[in-house]
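Undergrad: give me coordinates for this.
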Amino acid sequence: MKIFVTGGAGYIGSHTLVRLLSAGHEICVFDNFSNSSPEALARVKQLTNRDFALVEGDIRDASALTRALVEFGADAAVHFAGLKAVGESSEKPLLYYENNVSGSAHLLAAMDAAGCRRIVFSSSATVYGEAQCLPFDEDHPIAPTNPYGRTKAMVEGMIRDWSAATPDASAVLLRYFNPVGAHESGRIGEDPQGIPNNLMPYIAQVAIGRRERLSIFGDDYDTRDGTGERDYIHVVDLADAHLAALDYTGRAAGCEAINVGTGKGITVKELVAAYERACGHSIAYEITPRRPGDVAISFAATGKARELLGWEAALNVDAMCASSWLWQSTNAEGYGETA
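TA: Numbers count the residues shown, from 1 in each chain. Next comes the predicted model:
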């Protein structure tokens, strides 16, 4: 199958590329490298011993996007490209709407021009907002609390409307929980720019000595050890979910939202302890006040993924941390230095 991948050089995109190429698919990556590195794609080629097409472009450029998709003749699209920092989205909301929402509209129009009817969209559990019940299932109300989450919800709605108006269209909206870890080779992994926004890459940078200590925001929640509890999923499991979703689009029309998580939570202190086992030394941390808006517990209901996709997460927290540490310890500066 010919698959058009936006944002394929990013963290989740690069890991999914490995799986897609290993499964024998023909790929065209469309990426502007605004939050990624061409080095990631070079390493994907090394890992898979497969080549693929690359178009350097921005999803806000409708003509370039359409030209690339039509010339490639895509059978399906996997849409990762988008801005994803919650804090930045509150500071620069128009940038997020322009990139995430308008860019996605351009992609759907380009798919129409190319006669491409299948799409898997990189969505997020942030579309749910505050938990009204746990675990989060796909019928939970959509009530995002920040511009980033609202852009994801808007794109989901746009894809639903597009699929309803497009004969034979099939779309899967994958709502990620908290992707972590790295490829088992240690050659590709998460390489955040600046101060990491997410917990595991921050822990990894403390472990390697790039940062002095981790701040744990609150230890008085109603959880096993008082720290926040989240559903973390290994990025390789997440990559496999995309293959399962693509397969699903080949046998079912319409649009389905599907959670991608493990279905159980891990607390901050439990994640730190697992990382200490992986790296073999202690991780310095301090307890600081809670952050506004943080919830005690968040985890996914995963039955729909099992039922529709035949997929479930296989890798545990120790595998997540071990792969992250292998990546971090052999690539201390991420893709900034060649390992």
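
Undergrad: secondary structure element for residue 111?
TA: Using DSSP states H and E, residue 111 falls within helix 103-114.

Undergrad: now that helix: buried residues?
TA: 103-108, 110-112, 114 (16 or more other Cβ atoms under 10 Å). All C-beta atoms are positioned from the backbone trio N, CA, C, and that covers glycine.

Undergrad: average model confidence for it?
TA: Helix 103-114 shows a mean pLDDT of 98 in the predicted model.

Undergrad: using PDB, list the CA coordinates for that helix.
TA: What follows is helix 103-114, C-alpha atoms only, in PDB (Å, rounded to 0.1, in the frame of the first residue of the first chain):
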ATOM      1  CA  GLY A 103      -3.200  22.300   7.800                       C
ATOM      2  CA  SER A 104      -5.500  19.400   8.400                       C
ATOM      3  CA  ALA A 105      -8.200  20.900   6.100                       C
ATOM      4  CA  HIS A 106      -5.500  21.300   3.400                       C
ATOM      5  CA  LEU A 107      -4.600  17.600   3.800                       C
ATOM      6  CA  LEU A 108      -8.200  16.400   3.400                       C
ATOM      7  CA  ALA A 109      -8.600  18.600   0.300                       C
ATOM      8  CA  ALA A 110      -5.400  17.200  -1.100                       C
ATOM      9  CA  MET A 111      -6.700  13.700  -0.400                       C
ATOM     10  CA  ASP A 112      -9.800  14.500  -2.300                       C
ATOM     11  CA  ALA A 113      -7.700  15.700  -5.200                       C
ATOM     12  CA  ALA A 114      -5.700  12.500  -5.200                       C
END
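
Undergrad: re the thing from before, and which of the buried residues of helix 103-114 is nearest residue 123?
TA: Taking Cβ to Cβ as the measure, residue 123 lies nearest residue 104 of the buried residues of helix 103-114, at 10.6 Å.

Undergrad: need the strands for the stretch 51-200 of the chain, in chain order.
TA: 53-56, 76-79, 118-124, 170-176, 178-180 (DSSP state E, counting those that start in this stretch).

Undergrad: out of those strands, nearest to residue 232?
TA: strand 178-180 (4.6 Å).

Undergrad: strand partners of the closest one, parallel vs antiparallel please.
TA: strand 232-234 (parallel) (DSSP bridges).

Undergrad: quick check, residue 290 in contact with residue 218.
TA: Yes: between residue 290 and residue 218 there is a contact under Cβ atoms under 8 Å: 3.6 Å.

Undergrad: who's more crowded, the two?
TA: Set residue 290 next to residue 218 and count neighbours by other Cβ atoms under 10 Å: residue 218 wins out with 17 against 14.

Undergrad: separation between that one and residue 92?
TA: 27 Å (Cβ to Cβ, to the nearest Å).

Undergrad: quick one: stretch 185-193 to chain centroid distance?
TA: How far stretch 185-193 lies from its chain's middle: 13 Å, per Cα atoms, centre = their mean, to the nearest Å.
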